[in-house]
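Asks: What follows is a predicted protein model with its sequence.
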Amino acid sequence: MSEATLETHSFQAEIKQLLDLVVHSLYTDREIFLRELISNASDSMEKLRHLQGTEKDIHDAALPLEIHVTTDKEAKTLTIADHGIGMTRGELVENLGTIAHSGTKAFLTAMKDSGNSPANMIGQFGVGFYAAFMVAEKVEVFSRSWRAEGEELLWTSDGVSGYSIEDASGLQRGVKIVLHLKEEHVEYAEESRVKHLIERYSNFVGFPIHLNGERINQVEALWLKNKSDVTEEEYKAFYEFACHAYDAPSYRLHFSADAPITINALVFVPNENMERWGMNKTEPAVALYCKKVLIDPSPKGLLPDWMRFLKGVIDSADIPLNISRETMQDSALVRKLGSVISKRVVKMFEKEAEADPEKFQAFYKKFDRFFKEGVAMDHANKDGLAKLLRFESSMTEEGKLASFADYLTRAKDGQDKIYYLVGASRAQLETSPYVEAFKARGLEVVYFTDAVDEYVVETLGEFEGKKLVSISHAGVELDDSESAGEALGAEETEKLCAFLKEELGEKVTAVASGKRLVDSPVIALVPQDGMTSQMRRMMKAMDENFKDEVKVELEINPRHPLVKKLAETSGSNPELAKLVASQLLDNALIAAGLLDDARDTVKRMNALMERAMG
Ligand code: ADP
């Protein structure tokens, strides 16, 4: 350790922030540091085991893949050593001095804002190693890479501002981490305490763990065991360790199959959706194994993208061990595997939703975007996913969600459509003139209030053969209702429609008398192929120069006093009738959220008020 080899580095700003948080905010769960370090050691040996299949020239090839933990009460140290892939000088700088995850900043802010316990999130963002500084005042990392040309190195840091790297000697392949414990945490230099922790957190790590020379864990791949032989405790420990998670999973799917391919899968559904906290897109976290050997911890394209919130393990003995990550997506076998598992996942959600609707509703509120994304992108599971969609409607209490299946149980005899309306909020939709005719007839209207909903329902098109129909569009046929009040005669109605069409000209595609309205005089309907207000808003958001001419079909309510009066006035005072006609159209456009420019409206309104006051 000559001084000449010593290089000092300072931490990236984000690391400093992270260290500060880790050291000062995590009071209760300090002990997880050991789980994090053992997990890194285990990951590193998994990588080595994988390299053994492809690389000939591995340094210290004969070393056993084991983890050795040693405690030294006198020296107040705890040491964790592995024979994994180790790190080169460049990797030490890259892995332990910078945060590769660009989401880390967002993580730090989200954590400050949300009041969430960092303990729930640590580990999910690759902050694992830094947990060592919760208990240590100095951390030494001895490292020798698997690469033939690797150096023997020592990385040292007090976890405050930076670290140094110097040459070391006498090292074998892998990483040895020495924690110099803080005075208040010397308990972690006690064998019994550490033993207890390993048993608790790392019992089924896929490699032997020795503590002071004694083997303490049972090596087992939980996912290969029979469901009935696994305890809840073991599942919990597996989820925490292998999935780097701290929450209690919402759901779990553990199954095996022999045909069409051999599969052993253990998949968890987390309780929290990290993307909701402004994180980057979640990386797939269902690892792919072949007979207990890790092939890819984050396989892209194995499961449909929308399932990226799942965590766990899929093991298939049929997958060739040396399959490369690049060719994986092209493999018919991998596609088959993904398809079988994704179907099981969708089925699992369906069953769970049925068994405990309340629980599913709470879960759905956090994860709805994934399901909607699935409907839009995952053609193979579209029908299954449609059963999982939840929404409020004109017949649900506020905040309570229903499914399309619920809707159909309430549908009228012979009703062959599912009616919906898209808008900004439940309150807005409830008072919308579109809804009134449906309410009057006891027909349920689904309320879609999420920006992506319109696109989702349009992709869906139908549910179990029932067409999904937007009630803001023209062409929705309704039965006669027993609305009160005498209607305008047929001939007069026709005349009034003709007058309005003539007067409003290009602004309307047609004017017709209809049965939808109860309390409103007129309503603006979007033509079958026209854009709804929601869609226009989206187009405008994407392109500030977006302009399209709004053309609507105007439906009049022949029972409404204003309409009846207008029919009269169109003969007696055409000039006033023209003003009223234009104003009625604008009012309808406002109610539909389709009026872009209100300047003429205001002028006309003023003129009308002047007249009204004589
Ligand atoms: P994560 O493990 O979530 O990526 P960590 O902060 O725990 O984040 O570790 C950062 C990186 O340091 C790891 O991704 C890995 O590349 C490297 N590393 C940590 N521990 C070891 C080890 N025992 N052997 C080899 N590499 C390691």
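Replies: That came through, no problem. Numbering: from 1, shown residues only.

Asks: quick one: low-confidence ranges for the stretch 301-450 of the chain?
Replies: Within the stretch 301-450 of the chain, the stretches with pLDDT under 70 are 321-327, 329-330.

Asks: pLDDT at whichever residue of the stretch 451-600 of the chain sits closest to the ligand, what is it?
Replies: Proximity of the stretch 451-600 of the chain to the ligand (CB to the nearest ligand atom) peaks at Val452, 31.0 Å away. Any C-beta I mention is one placed from the backbone N, CA and C, and that applies to glycine too. With respect to pLDDT, Val452 has a value of 88.

Asks: and it, what does it touch?
Replies: Arg369, Lys372, Glu373, Ala376 (CB atoms under 8 Å, 6 or more residues apart in numbering).

Asks: Make a PyMOL selection of whichever of those turn out to be buried.
Replies: Of these, the buried ones can be selected in PyMOL as follows, counting by 16 or more other CB atoms under 10 Å:
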select buried, resi 369+372+373+376
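
Asks: Out of the contacts of Val452, which sit inside helices?
Replies: Arg369, Lys372, Glu373, Ala376 (DSSP state H).

Asks: circling back to that earlier point, may I ask which two of the contacts of Val452 are separated the most?
Replies: Arg369 and Ala376 (10.6 Å; CB to CB).

Asks: Beyond the helix or strand hosting Leu294, next helix or strand please.
Replies: Here Leu294, judged by DSSP states H and E, is contained in strand 293-296. Moving toward the C-terminus from strand 293-296, the next helix or strand (DSSP H and E) is strand 311-315.

Asks: Now find how far off-centre that following strand is within its chain.
Replies: Computed by CA atoms, centre = their mean, to the nearest Å, the chain-centroid distance of strand 311-315 equals 18 Å.

Asks: Which strands and helices lie in contact with it?
Replies: Counting contacts by 3 or more CB pairs under 8 Å, 6 or more residues apart in numbering; DSSP states H and E, strand 311-315 packs against helix 232-242, strand 263-269, strand 285-290.

Asks: Mind listing residues that contact the second one?
Replies: What it means is strand 263-269. Residues outside strand 263-269 that contact it (CB under 8 Å, 6+ apart): 222-224, 238-239, 243, 245, 249-257, 286, 309-316, 337, 340-341, 344-345, 363.

Asks: Strand 285-290 and that one, what's the angle between them?
Replies: Angle of strand 263-269 versus strand 285-290, following axes from the mean of the first three to the mean of the last three CA atoms, to 10 degrees, is 170 degrees.

Asks: returning to what we had before: got TSV for the helices and strands packed on strand 311-315, with distance to the ligand too?
Replies: Converted to TSV, the helices and strands packed on strand 311-315 look like this (distance: least, CB to the nearest ligand atom, whole Å):
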stretch	distance to the ligand
helix 232-242	13
strand 263-269	18
strand 285-290	11
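
Asks: tell me the contacts of the nearest residue to Leu576 once chain neighbours are set aside?
Replies: Nearest residue to Leu576 in three dimensions, chain neighbours excluded: Thr569, at 5.8 Å (CB to CB, 6 or more residues apart in numbering). By CB under 8 Å, 6+ apart, the residues touching Thr569 are Leu576, Ala577, Val580.

Asks: List the buried residues for the host helix or strand of Thr569?
Replies: Thr569 belongs to helix 561-572 when assigned by DSSP H and E. For helix 561-572, the neighbour count (16+ other CB under 10 Å) marks Val563, Lys564, Leu566, Ala567, Thr569, Ser570 as buried.

Asks: Could you double-check that the first one lies in contact with Val522?
Replies: The one in question is Val563. Yes. Val563 sits in contact with Val522 when judged by CB atoms under 8 Å, with a separation of 7.3 Å.
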